[in-house]
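Peer 1: pasting the sequence and the predicted model now:
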Amino acid sequence: MFELVLVTIGLALVFDFYNGMNDAANSIATIVSTRILTPKQAVAWAAFWNFVAAFAFGTAVAKSIHSGILKIEHVSQMLVLCALVGAISWTAVCTHVGLPISVSHSLIGGLVGAGLACTGFDVHALQLRKLATIGIFIVLAPVVGLLGGAIFMSIVYRVFRKAVPGRVDRIFRTGQLASAAAYSLGHGANDAQKTMGIIVLALAACTKTEDLVRRGAELHVPYWVVLSAHAAIAVGTLVGGAAVIRTMGTRLTKLRPPQGFCAETSAAIVLFGTAHAGIPVSTTHAVTGAIMGVGAVRRWKAVRWGVAKRIVLAWLLTIPCAAAVSGLVYLLVDLLGLVGWAEGVG
């Protein structure tokens, strides 16, 4: 069982790495497209703040993952492993083709799919009320990001309407360093915590079911888990996903420093609020909505809505596709007798 736990933790950190790699676009696309930093400088800047988030926020989002998706008595080591395989598979494919998906929702879909396969598709094994809250924020995160980006952009246009464009760009070139840092801080706070939650689930699965039920509310995140999760997402961001960066930074809409500042600030506010509340939202949804908002204020046709529709379609497919993959993986390993073997070893 100890070896299986190590494999699960290793896969969780691989997932975290892919999270950072796919979401590198979220953190740096605007600051690269506005030419404030080069791609290499931007990913280093974002990775640094991803890691700093380990010391700036708590673990409320991690608790939502390890206690808010599945009822703890149904969790097993093999279930967590299969959930990770489903989440990593969908994330890797989308990163390769350049789609900025919600890696968070890949993980949620993986847990749901493996959980349903494990329990014979018993929906009562799911924390339906908490999942409903997550579902609401699938819609709210991009909408709030869009509205925030539009409002900030409108204010900037009004305040600087008589200013020389070159002077405005110089002001916001400095401001965008701060807004990019704030967004990366919020990104690290939200997404690294999701990996913490899955690692805690893997560790908890080593405990007897009766103890888990009795002490479920007392599950905590060890500090070594916090540091390793933030390190993995920072390294993933440092490596970056070039195809996704092109989609977010240049194909969705063209940005200048004021637009980049407004988009990042709007998304950062969404992420700070949800991290504090312990709601696992999509950082991708928040920043994409914000980019659409600032683009639409400048000119409705400035947003390439065809690209936006393709991104939204990927969002809608993420949870069911990750759930399907993880569910099929669980059924396969069960058919091969590996689930019974794992339980016997435990």
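Peer 2: It's in.
Peer 1: quick one, what contacts residue 51?
Peer 2: 188, 230-231, 234 (C-beta atoms under 8 Å, 6 or more residues apart in numbering). Glycine gets a C-beta too; all of them are placed from N, C-alpha and C.
Peer 1: so how do I select the buried members of the residues you listed in ChimeraX?
Peer 2: With 16 or more other C-beta atoms under 10 Å as the criterion, this ChimeraX line picks the buried residues out of the contacts of residue 51:
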select :188,230,231,234
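Peer 1: most widely separated two among the contacts of residue 51?
Peer 2: Pairwise distances among the contacts of residue 51 were taken by C-beta to C-beta; the largest, 10.4 Å, belongs to 188 and 231.
Peer 1: show me where the stretch 101-250 of the chain dips below the pLDDT cut-off.
Peer 2: Along the stretch 101-250 of the chain, the parts satisfying pLDDT under 70 run over 207-219, 241-250.
Peer 1: in a markdown table, list the contacts of residue 51 along with distance to residue 80 and secondary structure.
Peer 2: Shown next, in a markdown table, are these (distance: C-beta to C-beta, whole Å; DSSP: H, G, I helix; E, B strand; the rest coil):
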| residue | distance to residue 80 | secondary structure |
| --- | --- | --- |
| 188 | 23 | helix |
| 230 | 20 | helix |
| 231 | 21 | helix |
| 234 | 23 | helix |
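Peer 1: now do the contacts for the residue nearest in space to the middle of the chain.
Peer 2: Using C-alpha atoms, centre = their mean, the residue of the chain that lies closest to the mean C-alpha position is residue 104, 4.0 Å off. With contacts defined as C-beta under 8 Å, 6+ apart, residue 104 is in contact with 19, 190-191, 194, 280-283.
Peer 1: may I see those arranged in CSV, with distance to residue 60 as well?
Peer 2: Rendered in CSV, the data for these read as follows (distance: C-beta to C-beta, whole Å):
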residue, distance to residue 60
19, 18
190, 10
191, 14
194, 12
280, 9
281, 12
282, 16
283, 15
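Peer 1: determine which two of those residues are furthest apart.
Peer 2: In terms of C-beta to C-beta, the contacts of residue 104 reach their longest pairwise distance at 19 and 281, which sit 13.6 Å apart.
Peer 1: how close does residue 186 get to residue 132?
Peer 2: Look at residue 186 and residue 132: by C-beta to C-beta, to the nearest Å, they are 24 Å apart.
Peer 1: neighbour count: those two, which is higher?
Peer 2: Taking neighbours as other C-beta atoms under 10 Å, residue 186 and residue 132 compare with residue 186 leading, 31 against 9.
Peer 1: just give the closest residue to the more buried one, not the sequence neighbours.
Peer 2: Ranked by C-beta to C-beta, 6 or more residues apart in numbering and with sequence neighbours excluded, the top spatial neighbour of residue 186 is residue 271, at 2.9 Å.
Peer 1: can you give the contact residues for stretch 147-162?
Peer 2: Looking at what lies outside stretch 147-162 - C-beta under 8 Å, 6+ apart - the contacts are 168, 258-259, 261-263, 265-267, 269-270, 289-294, 296-298.
Peer 1: and residue 186, how far is that from residue 104?
Peer 2: In this structure, residue 186 and residue 104 are 13 Å apart, going by C-beta to C-beta.
Peer 1: coming back round to it: okay, residue 19 and residue 281: which has more neighbours?
Peer 2: Comparing residue 19 with residue 281 by neighbour count (other C-beta under 10 Å), the higher total belongs to residue 19, at 31 against 28.
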